[in-house]
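> here's a sequence, model it:
(one chain, ligands or ions: 1)
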Amino acid sequence: MYQLEPKLSDFLLDLRRSLAHKGFAKILNISTGMPAIFANPYASRSRHISSQKIAQLRLKQKGRKKNTGMKNNEKIALIVGGSRGIGKAIAIRLARSGFNIWLTYRSNHEAAQKTKEEIEKTGRFCEILSFDVSDYKETEMALGKKADEYSPDVVVYNAGITRDNLLLWMTKEEWDSVLSVNLDGFYNIMHAILFPMLREKQGRIVVVSSTSGQIGQAGQVNYSASKAGLIGAAKALAREVGKKNIIVNVVAPGVIETDMTEDLSKEKILPLIPLNRFGSSADVASVVNFLCSEENMYIHGQVIGINGGLAI
Ligand code: NDP
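So this is what the prediction gives:
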């Protein structure tokens, strides 16, 4: 524990520098003199700020929301990778629960447009945003200012790709592309939206990992590493932001019938699933919807397997 403390100090110094850059160091009043490794840098440490100042900041934030033309009580869910498959089902499910949707995707404009139309049939608003999550600058440009003006209430990190191969044959490109979309993309998104969410002191984050990230899958060393990395990242984030009323969880689907799995030899996999069927996107969406609802007030930092018993 003592060995780790200097690293924590470095981390806090970096954090303070980055917040100072954004002009928020005084608001959070982060100190580098944390006594223990589990001290939470986002926890309420605002004793040098008067309650009047805090009230002013809240008013300022409310003013921001009004300028966007949205009503203050309208909730936004940002679905990253929401144009197809699991993300699409999550977006529609959350729209039915009353969320307006910001839906991101990379390049399949037709699928995104179709999903937007389906969401709008529920009576909710949907904005589609096309960018590559693995690109830090593109992500910041697409979301940074937007989230600052109106921070999302829910963020679902669902974008993901596979480039399967045995490690022996796996190219550097196959390794890098999967890690950069599945794992770096999570960092890029969180970096763009987390500070506004912290400022609001509320929110839900759901990360879509995979059974492969929990138990490993031959032929998917890159994918398993990225999905296990997401689990670690989400758990650490849950420790950082829980005290700011941001609830973070992970879902880990098994084999779900989408474009991603259409080439799998299903007859070999089915006997391994105790519930004797593949999952549907709706199976995942209903769990994500629950985690984002007020029915869930105390599940935090957990990994929920949605796999029909594939990994018990
Ligand atoms: P799909 O391939 O059907 O959809 C992937 C989504 O992610 C699309 O919206 C796609 O956009 C978007 N996306 C992919 N790469 C990028 C990128 N670089 N930048 C921005 N958006 C991107 O996948 P699934 O619905 O099957 O899977 C969704 C998530 O669930 C993934 O993270 C996957 O790893 C995970 N998962 C899936 C399982 C399954 O069995 N299907 C099992 C376990 C986990 P576009 O349409 O433009 O390509």
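
> and the stretch of helix or strand R199 belongs to, what does it pack against?
For R199, the host element (DSSP states H and E) is helix 185-200. In this structure, helix 185-200 makes packing contacts with helix 51-67, strand 76-80, helix 136-149, strand 154-157, strand 203-208, helix 221-241, judged by 3 or more Cβ pairs under 8 Å, 6 or more residues apart in numbering; DSSP states H and E. All C-beta spots, glycine's among them, are computed from the backbone N, C-alpha and C.

> mind telling me what element the spatially closest residue to C126 that is not a sequence neighbour is part of?
Of all residues not flanking C126 in the chain, I119 sits nearest, at 4.0 Å (Cβ to Cβ, 6 or more residues apart in numbering). Using DSSP H and E, I119 sits in helix 109-120.

> equivalent analysis for W175, please.
Per DSSP H and E: helix 172-179 holds W175.

> in that helix, what's buried?
For helix 172-179, burial by neighbour count (16 or more other Cβ atoms under 10 Å) applies to 174-175, 177-179.

> where in the chain is the helix or strand with the lowest mean pLDDT?
helix 25-28 (a mean of 42; mean pLDDT, DSSP states H and E).

> around the residue nearest to C126, how many other residues sit close by?
Neighbour count of I119, defined by other Cβ atoms under 10 Å: 26.

> gap between it and N296?
From I119 across to N296, the span is 22 Å (Cβ to Cβ, to the nearest Å).

> one more: L129?
Distance from L129 to N296, by Cβ to Cβ: 27 Å.

> closest point of the stretch 151-300 of the chain to the ligand, which residue?
G160 (2.2 Å; Cβ to the nearest ligand atom).

> not counting its neighbours along the chain, what's nearest P152?
The shortest distance from P152 to any non-neighbouring residue, by Cβ to Cβ, 6+ apart, is to L78 (4.1 Å).

> bridging residues for the one you found?
The partner list for L78 in beta bridges (DSSP bridges) reads W102, V155.

> local confidence estimate at G69?
Note on G69: pLDDT of 45.

> tell me if stretch 230-246 is near the ligand.
No - Stretch 230-246 is not in contact with the ligand by Cβ under 6 Å from any ligand atom; minimum separation 8.6 Å.

> now stretch 302-312
No - Stretch 302-312 stays clear of the ligand (Cβ under 6 Å from any ligand atom), getting no nearer than 8.3 Å.

> and that stretch, which residues are buried?
Neighbour count says stretch 302-312 has 303-308, 310 buried, by 16+ other Cβ under 10 Å.

> next SSE downstream of the strand ranked longest in the chain?
Counting residues, the longest strand in the chain under DSSP state E turns out to be strand 246-253. Moving toward the C-terminus from strand 246-253, the next helix or strand (DSSP H and E) is helix 266-269.

> got a list of contacts for that next one?
For helix 266-269, contacts defined as Cβ atoms under 8 Å, 6 or more residues apart in numbering pick out 255, 278.

> is that helix anywhere near the ligand?
No - Helix 266-269 does not reach the ligand (Cβ under 6 Å from any ligand atom); its nearest approach is 10.0 Å.

> enumerate the residues of the stretch 101-250 of the chain near the ligand.
Contacts of the stretch 101-250 of the chain with the ligand, taken as Cβ under 6 Å from any ligand atom, map to 105-108, 111, 132-134, 158-161, 181, 208, 210.

> in strands, which of those fall?
Counting by DSSP E, those contribute 105, 208 to strands.

> buried ones only from the residues of the stretch 101-250 of the chain next to the ligand, please, as a ChimeraX command.
To isolate the buried subset of those in ChimeraX, counting by 16+ other Cβ under 10 Å, use the following:
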select :105,106,111,132,133,134,158,159,160,161,181,208,210
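
> pull the most distant pair out of the residues of the stretch 101-250 of the chain next to the ligand.
S107 and S210 (22.2 Å; Cβ to Cβ).

> returning to that earlier point: any idea of the angle the helix holding I119 forms with strand 76-80?
150 degrees (axes from the mean of the first three to the mean of the last three Cα atoms, to 10 degrees).

> list the buried residues for helix 109-120?
111-112, 115-116, 119.

> and that helix, how far out from the chain's middle?
Mean-position distance between helix 109-120 and its chain equals 21 Å (Cα atoms, centre = their mean, to the nearest Å).

> same question for it, mean pLDDT?
For helix 109-120, the mean confidence score works out to 98.

> quick one: low-confidence residue ranges for the chain.
1-72 (pLDDT under 70).

> just give me the residue right at the centre of it.
Nearest to the mean C-alpha position of the chain, by Cα atoms, centre = their mean, lies Y157 at 3.4 Å.

> show the contacting residues for that residue.
Y157 neighbours (Cβ under 8 Å, 6+ apart): 80-81, 185-186, 189-190, 205-208, 230.

> next: M141.
Contacts for M141 (Cβ under 8 Å, 6+ apart) come out as F131.

> how close does it get to F131?
M141 is 7 Å from F131, by Cβ to Cβ.

> sweet, I'm off.
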